[in-house]
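S.K.: Curious how this folds, go ahead:
(chains A, B, C, D, E, F, G and H, ligands or ions: 12)
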Protein chains: 8
Amino acid sequence: SFARIDHHRHLRRGFPEVVFGEGKSAEQIARILEAMLPWDDPVLVTRVDPQKARKVIEWHAGLTYEASARALFFQPKPRPLEDSNESPRGIVQVLCAGSSDIHVAEEAALTAQLMGSQVQRFYDVGVAGLHRLLHLWDELQNGAVYVVVAGMEGALPSVVAGLVARPVIAVPTSVGYGASFGGLSALLGMLNSCAPGVAVVNIDNGFGAGYLAAMIAES
Amino acid sequence: SFARIDHHRHLRRGFPEVVFGEGKSAEQIARILEAMLPWDDPVLVTRVDPQKARKVIEWHAGLTYEASARALFFQPKPRPLEDSNESPRGIVQVLCAGSSDIHVAEEAALTAQLMGSQVQRFYDVGVAGLHRLLHLWDELQNGAVYVVVAGMEGALPSVVAGLVARPVIAVPTSVGYGASFGGLSALLGMLNSCAPGVAVVNIDNGFGAGYLAAMIAES
Amino acid sequence: SFARIDHHRHLRRGFPEVVFGEGKSAEQIARILEAMLPWDDPVLVTRVDPQKARKVIEWHAGLTYEASARALFFQPKPRPLEDSNESPRGIVQVLCAGSSDIHVAEEAALTAQLMGSQVQRFYDVGVAGLHRLLHLWDELQNGAVYVVVAGMEGALPSVVAGLVARPVIAVPTSVGYGASFGGLSALLGMLNSCAPGVAVVNIDNGFGAGYLAAMIAES
Amino acid sequence: SFARIDHHRHLRRGFPEVVFGEGKSAEQIARILEAMLPWDDPVLVTRVDPQKARKVIEWHAGLTYEASARALFFQPKPRPLEDSNESPRGIVQVLCAGSSDIHVAEEAALTAQLMGSQVQRFYDVGVAGLHRLLHLWDELQNGAVYVVVAGMEGALPSVVAGLVARPVIAVPTSVGYGASFGGLSALLGMLNSCAPGVAVVNIDNGFGAGYLAAMIAES
Amino acid sequence: SFARIDHHRHLRRGFPEVVFGEGKSAEQIARILEAMLPWDDPVLVTRVDPQKARKVIEWHAGLTYEASARALFFQPKPRPLEDSNESPRGIVQVLCAGSSDIHVAEEAALTAQLMGSQVQRFYDVGVAGLHRLLHLWDELQNGAVYVVVAGMEGALPSVVAGLVARPVIAVPTSVGYGASFGGLSALLGMLNSCAPGVAVVNIDNGFGAGYLAAMIAES
Amino acid sequence: SFARIDHHRHLRRGFPEVVFGEGKSAEQIARILEAMLPWDDPVLVTRVDPQKARKVIEWHAGLTYEASARALFFQPKPRPLEDSNESPRGIVQVLCAGSSDIHVAEEAALTAQLMGSQVQRFYDVGVAGLHRLLHLWDELQNGAVYVVVAGMEGALPSVVAGLVARPVIAVPTSVGYGASFGGLSALLGMLNSCAPGVAVVNIDNGFGAGYLAAMIAES
Amino acid sequence: SFARIDHHRHLRRGFPEVVFGEGKSAEQIARILEAMLPWDDPVLVTRVDPQKARKVIEWHAGLTYEASARALFFQPKPRPLEDSNESPRGIVQVLCAGSSDIHVAEEAALTAQLMGSQVQRFYDVGVAGLHRLLHLWDELQNGAVYVVVAGMEGALPSVVAGLVARPVIAVPTSVGYGASFGGLSALLGMLNSCAPGVAVVNIDNGFGAGYLAAMIAES
Amino acid sequence: SFARIDHHRHLRRGFPEVVFGEGKSAEQIARILEAMLPWDDPVLVTRVDPQKARKVIEWHAGLTYEASARALFFQPKPRPLEDSNESPRGIVQVLCAGSSDIHVAEEAALTAQLMGSQVQRFYDVGVAGLHRLLHLWDELQNGAVYVVVAGMEGALPSVVAGLVARPVIAVPTSVGYGASFGGLSALLGMLNSCAPGVAVVNIDNGFGAGYLAAMIAES
Ligand SMILES: Nc1ncnc2c1ncn2[C@@H]1O[C@H](COP(=O)(O)O)[C@@H](O)[C@H]1O
Ligand SMILES: Nc1ncnc2c1ncn2[C@@H]1O[C@H](COP(=O)(O)O)[C@@H](O)[C@H]1O
Ligand SMILES: Nc1ncnc2c1ncn2[C@@H]1O[C@H](COP(=O)(O)O)[C@@H](O)[C@H]1O
Ligand SMILES: Nc1ncnc2c1ncn2[C@@H]1O[C@H](COP(=O)(O)O)[C@@H](O)[C@H]1O
Ligand SMILES: [Mg+2]
Ligand SMILES: [Mg+2]
Ligand SMILES: [Mg+2]
Ligand SMILES: [Mg+2]
Ligand SMILES: [Mg+2]
Ligand SMILES: [Mg+2]
Ligand SMILES: [Mg+2]
Ligand SMILES: [Mg+2]
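M.R.: Numbers count the residues shown, from 1 in each chain, chains lettered A, B, ... in the order given. Ligands and ions are numbered 1, 2, ... in the order given. Below you'll find the predicted structure:
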């Protein structure tokens, strides 16, 4: 039946449903995880603040909380977060424009790592000080796919896409004020990128970008 | 210098700048192509109507016009548009929801083919008659990446992403009226997709989706 | 006179004005109910949180609070919430896409039940895992009318409407973030549904959908 | 298989897919109808202007064009458009606020009639001259369901819903200028109706409203 | 000089600048009033909550706080709020659609009274129960100008304007949720009123409507 | 009955329904006027271009076309458009900011004149050259009510309201480009006027403003 | 008096009012110029298409039409458009991202030149091919002020501002499609620039940017 | 290398990166400043509330907090905030419309002063009482550049630009309610200014306006 086929997919890809932690109580999260942890699959709960995380860990001691990514996770086999270089998969490179975008960038990076990708991070390389990005030119050529996170005018993905030959996943963030309209400004900028090879996910959706990047890098 | 490195990229990827034909006269397009055609690289001009195409072909007889994609192109070595099955690259599958979305889908398909990808097309498989899509389940498992084109509520990419294990590039179209607000409705729907593995390009941007899909499929 | 005729309508339909509890104090609600309870008609107060509900019940002990629907109500004759099958009315089926939509779905379900409809609930059947919905196909054929609740891209009503032959009342919810713009994304998606037989109520308006569904089912 | 079940639904309901004529050439419409007409089912093509209609009729002489509804249709058994009173189905009443809304109202009325409903029309009864509507009070009580069409501020559905005890399908129109923003003003007004029992379809979507009304009336 | 002329205007009209209390501390308000009270002119501070009002009254004991209007005021000569009938000025009638609109309606009423107008109030007469308004028909004919306050779909001003022969000042309120978008829905509805004789002020701007109504009534 | 009372109002105010000419053919307008002209009431058709006007006048020779106001009208008793000074009514002053706003200003002026008001016009007095307005200070003091028409940033009504003691009806126009968004910019500016005594009508609605101004001036 | 002072300003700055040609007929423009040309001041008419320009020149033979800037102008003393280097004023540098932005850039350049500034042009230097801009680094250091024109995502002003130490006037253009929403995307991007030293003018407002740049350069 | 050149710019202009304090903890700010203070350059942290400021000053005693500007700063050489008149630079004049705009105006003024500009302040000179601004006419002629801050309808920059011959930097503020939409109304008004010589920064961006004004004044 249909569900069986879908289950097959989960087994094959080693990644069950991810829990969206925002708006759920620690108790609700704990109960959901109770049904997931026995399968020894990787587990990811996004958008969890430290207090809630601490409470959930009281229930399930095996979980790890990564504050910078606001994520709670479990990785079945003790695999170091920073993968070794001999990985046959491509490298996911995560860039962000400003320091306020780091939470979203870390969510993307952690998601990709949990899905088995090697990740490299280049943060605070916004277009207002272009030399920061240009200095990375050689290193950027190693990426198989790029997650580029930026708020405000969201110009970084276009600039990165102009420097590399691989896909760019653009993540607008809600960082900004006034006419940033909660990330709308960055979102529109990225959708109108004049550099081909860019696609966009929802505002602040680091998880979605990391997931897609890992999918692309694994091929 | 910088430009030299960028030029290197064009040589390596075999794909020079694509000309956006809208708002340019036949004369302007012809003159731009004059500078591009001597390189014997593939050439693509998007958003060209039949009259304009005919005029440009009077200048440059070697060009082909594909009306369904509204595109004018030149492919250096006589490579059949429908690639043979032994291609080591992944297959780009292009789906669209309704028959009015076909122009955009064809722009995506043609772009990916010119970039060297094998393309399969599944058109008119919108979610209002779900059985049309479910019948394709087996064939869909062959895709390395999906370009999913839809207007109105833009629900097709979410449904497709729930059935497959590879990246989905969602293309909202301006097809619709009233509260579709020129494609905004489909765009927002796709950005809020509840299925991970989906990223979005600009409204009606078949070119961008095909380009990105070919990038992903070639890895 | 006019008011008399309108009063006649209330008598005939057994449903007086519903109280919108949001922004009203427990005292204000209690005082309004004081004027309504003597009529022994059903009474419904929507959007009441548990604390406020407890206070109102201190005044009027006969009221019941349903936390999942955030509603306070009174039903004149002790009629079990899950109606028996011998009802001559059609069945109202309430579906929702994700678990965060349940509050809105329950408001719809409770409203329809208070108006005398038999209700069946199918929750967490979003389009990203389509098999969940397809498994329900046989049961869905029993519905006389469907209330379909979804946030984010709001694609579920289109898919349901494609599977059944009876009216679908679509309820967008404010569940989501970023480009969901407080439910606008789901609202626009539902208004642009490519499946005929769908109409839409306001964002998070479970009450309005349940009310209309009961009206349709009673005919 | 799945498609078979869906086909069953078409047979049972006697209504195959409706053709959206806007943006399709007379040739395209004619070719689509060629595949539909042999089934002897009712056929409906919406949003067709007179010139295009005349050309399509040259291909398929059996079609009728209704200019006020901008629709081209075929009805299998010679059933008079205005049904006899002994119909066991409920009556669909179609109201509109101003004379510019009549095209949309007629599209709704024709659709409901083709689906087998008896239809009554009350046009030019906008809220700025309320007596026009109040004079209809007695006749309005005969409706099983109401399609209420209005542009500009879109207030008519709320007022009608306050006078009757059956479902109201509200249709915003793009009639207006300036801050009507192409029908957005009427759409928002209708979604925020303070009268329960109202649901809304897309701007100018007379077809969708008539279809849903016929569904409701047939129960 | 220019300022002198403007000062003349204040003397002539008996109404100095009104203080917008929102976002100002009790201390700031008290200090501003210190400069205004010696002139023995009427004084009005809008958008003041009870706590802040109590603190300001500790400084200036002669002030009155009207909680329903959220306003703090001083009226030089002891003039009863409800003016006698022998006033040569026209009567300002203030209507509102629902009970949640009363704060805004009261702000309008109090402002008009402080400016010397006689005011009549008709609250909770929304269009969903039209008989409430129609019963007032005779009394409405006494108005010289109408302030009509409504949230959600904002239909009341159009209906009132259709019943009377004098100006209607429409005040949209932020009452509602979802697609009311903080009052935008009511605002657009009122701007698109199909009844001539209606003009609109900002969302929740009871003060502005009362001020303008008093201006019109005094002529 | 109700309609009779409303008819009484028309007799009393001497002003029947105004015809909105946009989107109506010359034939349609001529036929509507056929039903109105026998009453010997004033007649007004707005938004008529010169060609259409000429055709309508072929049917009804007694009509006058005023090109600057894009209006066709008939005035029963030969009353000069510029009323004599002994009128007991207040004067309606119509101001506009730029020369592109004149069509809208003239529609307002003509409407007020047809309703019996004396009108004074002050055009091209935008705030970018303030001296033009300040020179009019003395004359402005004669107004009983002001219609202030402006596009782009729509600042003129605030400035005028700060100079006078009588009501200001603000009319935003669609004059402008880019971020004027079809008059939205002027509309929002006027709704947010920091000068009390201003109310706003729809974008380009000169008719509505003139109508309301005449109502105010006649009191 | 006031006007006299303002007139003084015109004399001092040598720049009378500029005529906005869009929506004015050739006759209207010719008549306005008749009043301006006798003063022997520079004259500028913006947004004039070639046909209209030709007609106006038939009236006033001394005018020059610059098609790339869509502008008609007169410069009193024969001053070459490209100023000599010994100018004591700073240089205005005009950059644009793509070739479709050139009309707007030329309008800015011509305006600044007519106001007496020396102008340098750098066109087609969009951020998708960054090397084009970086190659200009040395030349960019000569600018006293920059007009930076871009459509689509509007990222160029931020990048330029990060490379220079002088003011950047950003001009969004309506170039683009879909989610560019007529230039909104570029406008928002520029307003949210993360590089200080950037201010923004209206969409497509080359004239305003050139005017402001000349003002800044002349100090 | 590139960074070196950029560093050169900082040395030359005496102004390193400004810290955006909002959303950063006192500890984060303190640590960033630790890296900046040793350079003895001016330091500016914007958007700091008093509590946070006090904590940061506990770490770095040499910092000054300016509550009206919500800014924390350090100025290397003891230079009085109000510069002497013999400065060769032009004067930056900062105007604001209402008292609620003062925080933003002060942020602009302080930024310009830290960058070495002489600043003059004219507050509470909104267009509803024009004489306040006209009285300043003589003083306004001394400005080299104007920062004009206003919320609500944002009309002040147009009026100021019409009175002076130097650049106006317009700053919309989020002051207002209802249809001010968080400053959108003022922003659109300013972008559509009918007075040439105006450019706009983001809503509430006093820092950006002060920075740009100082840049312009220093030339
Ligand atoms: N249909 C299209 N949609 C979006 N971008 C396009 C399209 N066709 C070409 N382009 C891009 O537009 C740029 C060329 O623009 P232009 O110089 O105006 O021809 C190139 O960077 C292309 O990648
Ligand atoms: N949750 C709800 N959503 C929308 N309308 C509601 C809701 N609950 C009650 N109402 C309507 O609100 C009106 C009562 O409002 P009020 O007088 O403020 O209690 C009635 O007409 C109800 O039909
Ligand atoms: N220029 C106009 N703008 C707004 N409303 C108008 C205008 N001209 C006429 N009307 C109104 O439109 C209604 C008539 O519409 P119609 O029946 O379509 O001619 C009347 O209620 C008039 O008050
Ligand atoms: N109030 C402000 N508004 C806008 N930008 C600012 C503000 N304060 C600092 N910045 C800019 O923000 C950047 C620093 O951001 P951050 O690294 O997050 O401190 C610098 O480029 C500053 O120019
Ligand atoms: Mg930084
Ligand atoms: Mg189809
Ligand atoms: Mg779920
Ligand atoms: Mg009518
Ligand atoms: Mg009520
Ligand atoms: Mg002018
Ligand atoms: Mg180019
Ligand atoms: Mg003030």
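
S.K.: Contacts (any at all) between chain G and stretch A:110-128?
M.R.: Yes. Under the criterion of CB under 8 Å from any CB of the partner chain, chain G is reached by stretch A:110-128 at A:Gly126, A:Val127, A:Ala128. (Each C-beta comes from the backbone N, C-alpha and C, glycine too.)

S.K.: Okay, now that stretch: how far is its last residue from its first?
M.R.: 27 Å (CA to CA, to the nearest Å).

S.K.: Take the residues of stretch A:110-128 next to chain G and write them to TSV, including secondary structure and neighbour count.
M.R.: Output for those, formatted as TSV (DSSP: H, G, I helix; E, B strand; the rest coil; neighbours: other CB atoms under 10 Å in any protein chain shown):
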residue	secondary structure	neighbour count
A:Gly126	coil	26
A:Val127	helix	29
A:Ala128	helix	22
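
S.K.: Tell me the one of these nearest ligand 11?
M.R.: Closest approach between those and ligand 11, by CB to the ion: A:Val127, at 18.8 Å.

S.K.: From what I see, A:Ala108 and A:Asp204 are in contact.
M.R.: No. With contacts counted by CB atoms under 8 Å, A:Ala108 stays clear of A:Asp204, the gap being 10.5 Å.

S.K.: Between these two, which is the more surrounded one?
M.R.: A:Ala108 (31 against 25; other CB atoms under 10 Å in any protein chain shown).

S.K.: who in chain A is up against chain E?
M.R.: When proximity is defined by CB under 8 Å from any CB, chain A lies next to chain E nowhere.

S.K.: For the residue most central in space within chain A, pull up the helix or strand it's in.
M.R.: Nearest to the geometric centre of chain A sits A:Ala108, at 1.0 Å (CA atoms, centre = their mean). Per DSSP states H and E: A:Ala108 is located in helix A:102-114.

S.K.: And for the nearest residue to A:Ser180 once chain neighbours are set aside, the neighbour number?
M.R.: Closest residue in space to A:Ser180, ignoring its immediate chain neighbours: G:Asn192 at 5.0 Å, by CB to CB, 6 or more residues apart in numbering or on different chains. By the criterion of other CB under 10 Å, G:Asn192 has 30 neighbours.

S.K.: quick one: the helices in chain A?
M.R.: Counting by DSSP state H, chain A has helices at residues A:2-13, A:26-36, A:50-59, A:102-114, A:131-134, A:137-140, A:156-161, A:184-191, A:206-217.

S.K.: Can you lay out these as TSV showing distance to C:Trp137 and mean pLDDT?
M.R.: What follows is the helices of chain A, written out as TSV (distance: least, CB to CB, whole Å; pLDDT from 0 to 100):
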stretch	distance to C:Trp137	mean pLDDT
helix A:2-13	11	45
helix A:26-36	26	91
helix A:50-59	37	97
helix A:102-114	34	97
helix A:131-134	53	90
helix A:137-140	50	94
helix A:156-161	42	96
helix A:184-191	37	98
helix A:206-217	30	97
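
S.K.: in the longest strand seen in chain A, what's buried?
M.R.: Taking DSSP state E as the criterion, chain A has its longest strand at strand A:143-150. Using 16 or more other CB atoms under 10 Å in any protein chain shown as the test for burial, strand A:143-150 gives A:Gly143, A:Ala144, A:Val145, A:Tyr146, A:Val147, A:Val148, A:Val149, A:Ala150.

S.K.: Hmm, the residue nearest to A:Ser180 is touching A:Ala150, no?
M.R.: No. In this structure G:Asn192 lies outside contact range of A:Ala150 using CB under 8 Å: 10.3 Å.

S.K.: quick one: common contacting residues for the two?
M.R.: Common neighbours of G:Asn192 and A:Ala150, using CB atoms under 8 Å, 6 or more residues apart in numbering or on different chains, are A:Ala186.

S.K.: pLDDT-wise, what's the bottom of the residues of stretch A:110-128 next to chain G?
M.R.: pLDDT is lowest at A:Ala128 among these; the value there is 87.

S.K.: Isn't that one up against G:Ala161?
M.R.: Yes. The criterion here is CB under 8 Å, and A:Ala128 meets it with G:Ala161 at 6.9 Å.

S.K.: what residues do these two have in common as contacts?
M.R.: Common neighbours of A:Ala128 and G:Ala161, counting by CB under 8 Å, 6+ apart, are G:Ser193, G:Ala195.

S.K.: ok, and the closest non-adjacent residue to whichever residue of chain A sits closest to ligand 2?
M.R.: In chain A, the residue found nearest to ligand 2 is A:Gly23; the distance is 19.6 Å by CB to the nearest ligand atom. Excluding the flanking residues, the one nearest A:Gly23 by CB to CB, 6+ apart is C:Ser100, at 6.2 Å.

S.K.: burial count for that neighbour?
M.R.: 19.

S.K.: Next: A:Pro38.
M.R.: For A:Pro38, the neighbour count with other CB under 10 Å is 8.

S.K.: Quick check, pLDDT for it.
M.R.: 85.

S.K.: Quick check: the gap between it and chain H.
M.R.: Using CB to the nearest CB, to the nearest Å, we find A:Pro38 at a distance of 39 Å from chain H.

S.K.: Over to A:Val104?
M.R.: When distance is defined by CB to the nearest CB, A:Val104 is 13 Å away from chain H.

S.K.: residues contacting that residue?
M.R.: Contact partners of A:Val104, counting by CB under 8 Å, 6+ apart, are A:Cys96, A:Val149, A:Val171, A:Thr173, A:Asp204, A:Asn205, A:Gly206.

S.K.: which residues touch the second one?
M.R.: Think A:Val149. A:94-97, A:101, A:104-105, A:108, A:156, A:171, A:173, A:206, A:209.

S.K.: Which one of the residues in chain A is closest to chain C?
M.R.: Per CB to the nearest CB, A:Ile203 is where chain A lies closest to chain C, at 2.9 Å.

S.K.: can you tell me which residues contact the closest residue in space to that residue that isn't next to it in sequence?
M.R.: Nearest non-adjacent residue to A:Ile203, counting by CB to CB, 6+ apart: C:Gly178, 2.9 Å away. Residues counted as contacts of C:Gly178 (CB under 8 Å, 6+ apart) are A:Pro172, A:Ser174, A:Gly182, A:Gly183, A:Leu187, A:Asn202, A:Ile203, A:Asp204, A:Asn205, B:Leu191, B:Asn192.

S.K.: Which residue does chain A have closest to ligand 12?
M.R.: Proximity of chain A to ligand 12 (CB to the ion) peaks at A:Gly178, 22.7 Å away.

S.K.: quick one: stretch A:180-197 near ligand 1?
M.R.: Yes. On the criterion CB under 6 Å from any ligand atom, stretch A:180-197 is in touch with ligand 1 at A:Cys194, A:Pro196.

S.K.: could I get that stretch in CSV with only the CA atoms?
M.R.: Output of stretch A:180-197 as CSV, limited to C-alpha atoms (Å, rounded to 0.1, in the frame of the first residue of the first chain):
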residue,chain,number,x,y,z
SER,A,180,12.3,45.0,5.7
PHE,A,181,8.6,44.1,6.6
GLY,A,182,9.6,41.0,8.5
GLY,A,183,11.8,39.6,5.8
LEU,A,184,9.7,40.4,2.8
SER,A,185,12.4,42.7,1.4
ALA,A,186,15.0,40.0,1.5
LEU,A,187,12.6,37.4,0.1
LEU,A,188,11.7,39.6,-2.9
GLY,A,189,15.3,40.4,-3.6
MET,A,190,16.3,36.8,-3.7
LEU,A,191,13.4,35.8,-5.9
ASN,A,192,14.5,38.5,-8.4
SER,A,193,18.1,37.4,-8.4
CYS,A,194,19.7,38.4,-11.7
ALA,A,195,22.1,35.5,-11.3
PRO,A,196,20.8,32.1,-12.6
GLY,A,197,21.3,29.1,-10.3
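
S.K.: could you check whether it is close to ligand 4?
M.R.: No. Stretch A:180-197 does not reach ligand 4 (CB under 6 Å from any ligand atom); its nearest approach is 10.2 Å.

S.K.: so A:Val171 touches A:Ala209, yeah?
M.R.: Yes. In this structure, A:Val171 is within contact of A:Ala209 by CB under 8 Å, at 4.6 Å.

S.K.: which of these two has more neighbours?
M.R.: A:Val171 (37 against 32).
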